[in-house]
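Novice: predicted model follows, preceded by the sequence.
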Amino acid sequence: MKRHSLFMMLLISLVLSACSDEPEEATAQTPKKETAAKEEKQESKLDGLTDISLEVSEESLKGLQPGTMMSDLTYEKDIEDIGFNTPELDPALKSKLPEKLEQLASETDDLETIKKGLISLLASPHYKQIIEGATAYEPYFEEPYLPDPTKSENGEQSVAADKAIILLDASSSMVQQSAGRVKMDIAKDAVKSFAKTIGQSSEVSLLVYGHKGSDSDADKTLSCSGVEEVYPMDKYSKEQFHEAVDAFEGKGWTPLAGAIQKAAEMSSSYEGSTTIYIVSDGAETCDGDPVQASKDLAAKNPNNTVNIIGFDVDEKADNQLKEVAAAGNGEYFKADNPEELKNTIQYEWLPSTLDLAFAFTMAPDGWDMVAEYKTADKYPLELWTIGRKESHRIIDAASIMAENKWITDEQYSEIRDWGFERSEAMKELHYAMSKANREKADAKSKEIRQSVDDWVAKMKELKKERGDTW
């Protein structure tokens, strides 16, 4: 019994000893696990900064992730021009920033890592949008209208009219698209170019129809009575004509007959001949008779004609518009796409020697280039603006870190210098992108000027062959 009791006491002692040892082992291991986890977490966070590039280039900035503290910075606010003033740190950002900066400083004292950390916090979120906008730039100049009588179907030459009335369809169907662009916009560009050319030898008027009300039944009366002369008969003025063309949009029904009747009323008071040019994409929808209206117009003066360009029309409209042109002693052209529209709106007479002498004015002039350079510089200037603001955010952040002794004075000085260098690099990138875009504009201008020169040479040769002096 004694042996048995001693054996039981020894066994209980061993069990108690084992149980008392387990918490000590667990306690000893816990700090090690937490430390390891903390080190792993810290290492992982710093590793995320290795992908950040400090280089200032189109590609590096396009790939730069927005700063984690810049989600509230709108595009409009970011590109806002502040002139030569020093950008100030946003108060809301300034109040939240110290906590993040202290955390960054506690995790590393490596200068390059701190720089990347500041970028990860404060980088502009709009680099990609701006750089893509800059690189996508293509210059746009009003294409000169250079009519070529050698392209005429019958080869006959006609005489320029004393006055020209352009009728532009602005019905709701013109808001549809053709080749990726709104038909109304395509037609407006064509009419602007056309008016510039015929305005050299004729007074010009612009009538628009279908631009009132809407295409609903309730607005039919309003829309069908809405024929308006938006550019009164006068010498061509580019600025005023463009303003008139841009003042309306496609909306309603198609009072083609009413528009022709309005042109007939106008031409009845004119001396000499009047040529009507109609740009339309559809048939009459206001219960009028455009064929009879065209006949009546031509009957008032045998020299009056009605010419029609059917733009992207269906078979029904195509047939009606052909009849309207024939009734008005004019010609009908069909254009199925923007390029055909541009090519079919052309003169069938040779320009005068005076016209050719001033043909150089159809190429972009100094004011045109100034306006285009402004467009070319838009995105590069925005890049410089947001880059400069970002650099000052970085410098202000470094100042906060230095004031709180989270970095040394030497580190602050180096970060500050780097911030200014980064701003300067943004400015140089802006210059390079702006230069590239301006060169595109220069090349396009040169191309247009060359096409004008080639046209003048060809017209002079044709006039020489025909024996014209004027």
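Specialist: Cool, got the structure. Numbering: from 1, shown residues only.

Novice: at which residues are the helices of the stretch 351-470 of the chain located?
Specialist: 353-357, 366-403, 409-466 (DSSP state H, counting those that start in this stretch).

Novice: ok, now how distant is residue 233 from residue 207?
Specialist: Look at residue 233 and residue 207: by CB to CB, to the nearest Å, they are 10 Å apart. (C-beta placed from N, C-alpha, C; glycine too.)

Novice: anything in contact with each of the two?
Specialist: When contacts are counted by CB atoms under 8 Å, 6 or more residues apart in numbering, residue 233 and residue 207 are jointly contacted by residue 165.

Novice: quick one on the thing from earlier: tell me the most buried of the helices of the stretch 351-470 of the chain?
Specialist: Per-residue neighbour counts averaged over each of the helices of the stretch 351-470 of the chain give the maximum for helix 366-403, namely a mean of 19 (mean count of other CB atoms under 10 Å).

Novice: low-confidence ranges in the protein?
Specialist: Applying pLDDT under 70 to the predicted model, the residue ranges of the chain that meet it are 1-47, 147-161, 200-201, 342-354, 463, 465-470.

Novice: can you give me the domain assignment for it?
Specialist: Here the domain parsing of the chain from automatic domain parsing is 59-135+375-464, 149-350.

Novice: dump those to JSON lines, plus distance to residue 50.
Specialist: Written out in JSON lines, the entries for the domains of the chain read as follows (distance: least, CB to CB, whole Å):
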{"stretch": "domain 59-135+375-464", "distance to residue 50": "8"}
{"stretch": "domain 149-350", "distance to residue 50": "43"}
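
Novice: deepest-packed of those, please.
Specialist: Taking mean count of other CB under 10 Å as the contact definition, the stretch among these with the greatest mean neighbour count is domain 149-350, which reaches a mean of 19.

Novice: re the thing from before, of the domains of the chain, which is nearest residue 365?
Specialist: Distances from residue 365 to each of the domains of the chain were compared by CB to CB, and the smallest falls on domain 59-135+375-464, at 9.4 Å.

Novice: the closest one: how far from the chain's middle?
Specialist: In terms of CA atoms, centre = their mean, to the nearest Å, the gap separating the centre of domain 59-135+375-464 from the centre of its chain is 20 Å.

Novice: can you give me the end-to-end span of it?
Specialist: The straight-line separation of the ends of domain 59-135+375-464 (CA to CA, to the nearest Å) is 56 Å.

Novice: repeat for stretch 213-229
Specialist: End residues of stretch 213-229 are separated by 17 Å (CA to CA).

Novice: what does that stretch rub up against?
Specialist: Taking CB under 8 Å, 6+ apart as the criterion, the residues outside stretch 213-229 that touch it are 171-172, 205-212, 251-253, 255, 258-259, 262, 266, 286-288.

Novice: now do 6 Å
Specialist: When contacts are defined by CB atoms under 6 Å, 6 or more residues apart in numbering, stretch 213-229 is touched by residues 172, 207-209, 212, 251-253, 255, 258-259, 262, 286.

Novice: that's a strand at residue 205, yeah?
Specialist: Yes - with DSSP: H, G, I helix; E, B strand; the rest coil as the criterion, residue 205 is located in a strand.

Novice: which residues does it contact?
Specialist: Taking CB under 6 Å, 6+ apart, we find residue 205 in contact with 165, 231, 233.

Novice: returning to that earlier point: between the helices of the stretch 351-470 of the chain, which one is nearest to residue 137?
Specialist: Nearest to residue 137, of all those, is helix 409-466, at 4.9 Å by CB to CB.

Novice: does residue 395 touch residue 417 like I think?
Specialist: No - using CB atoms under 6 Å, residue 395 is not in contact with residue 417, being 9.4 Å away.

Novice: now do the contacts for residue 166.
Specialist: The neighbours of residue 166, taking CB under 6 Å, 6+ apart as the test, are 191, 206, 277.

Novice: list the contacts for the first one?
Specialist: This means residue 191. By CB under 6 Å, 6+ apart, the contact list for residue 191 reads 166, 168.

Novice: just the second one next, same as before
Specialist: For residue 206, the residues meeting the contact criterion (CB under 6 Å, 6+ apart) are 166, 230, 231, 244.

Novice: for residue 163, see how far away it is.
Specialist: Counting by CB to CB - residue 206 and residue 163 are separated by 12 Å.

Novice: residue 228 - that's part of a helix, no?
Specialist: No - membership of residue 228 in a helix is not supported by three-state DSSP, which gives strand.

Novice: who's it bridged to?
Specialist: Partner residues in beta bridges with residue 228, using DSSP bridges, are residue 208.

Novice: from residue 167, how far off is it?
Specialist: Distance from residue 228 to residue 167, by CB to CB: 11 Å.

Novice: now do the shared contacts for the two.
Specialist: Common neighbours of residue 228 and residue 167 (CB under 6 Å, 6+ apart) do not exist.

Novice: check contacts around residue 315.
Specialist: Residue 315 makes no contacts at all, as judged by CB under 6 Å, 6+ apart.

Novice: hang on, the earlier thing: for residue 364, find the nearest of the domains of the chain.
Specialist: When those are compared by CB to CB, domain 59-135+375-464 sits nearest residue 364, at 4.5 Å.

Novice: which ones among the contacts of residue 206 map onto helices?
Specialist: Among the contacts of residue 206, the members found in helices (DSSP state H) are residue 244.

Novice: can you list the contacts of residue 206 in TSV and add distance to residue 83?
Specialist: Formatted as TSV, the entries for the contacts of residue 206 read as follows, by distance: CB to CB, whole Å:
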residue	distance to residue 83
166	45
230	40
231	40
244	37
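
Novice: excluding its backbone neighbours, what's nearest residue 313?
Specialist: Counting by CB to CB, 6 or more residues apart in numbering, residue 313 lies nearest to residue 281, which is 5.7 Å off, once chain neighbours are set aside.

Novice: okay, the one you found and residue 449: tell me how far apart.
Specialist: Note on residue 281: its distance to residue 449, by CB to CB, is 33 Å.

Novice: likewise for residue 263?
Specialist: According to CB to CB, residue 263 stands 36 Å off from residue 449.

Novice: for this structure, what spans make up the strands?
Specialist: Counting by DSSP state E, the chain has these strands, from start to end: 163-169, 177-178, 181-182, 203-209, 227-234, 274-280, 305-311, 332-335.

Novice: out of those, which comes closest to residue 426?
Specialist: strand 181-182 (34.8 Å).

Novice: packing partners of the closest one?
Specialist: Counting contacts by 3 or more CB pairs under 6 Å, 6 or more residues apart in numbering; DSSP states H and E, strand 181-182 is packed against no other helix or strand.

Novice: what lines up beside it in the sheet?
Specialist: The strands that strand 181-182 pairs with in its sheet are strand 177-178 (antiparallel) (by DSSP bridges).

Novice: give me the contact list for the strand it pairs with.
Specialist: For strand 177-178, contacts defined as CB under 6 Å, 6+ apart pick out residue 312.
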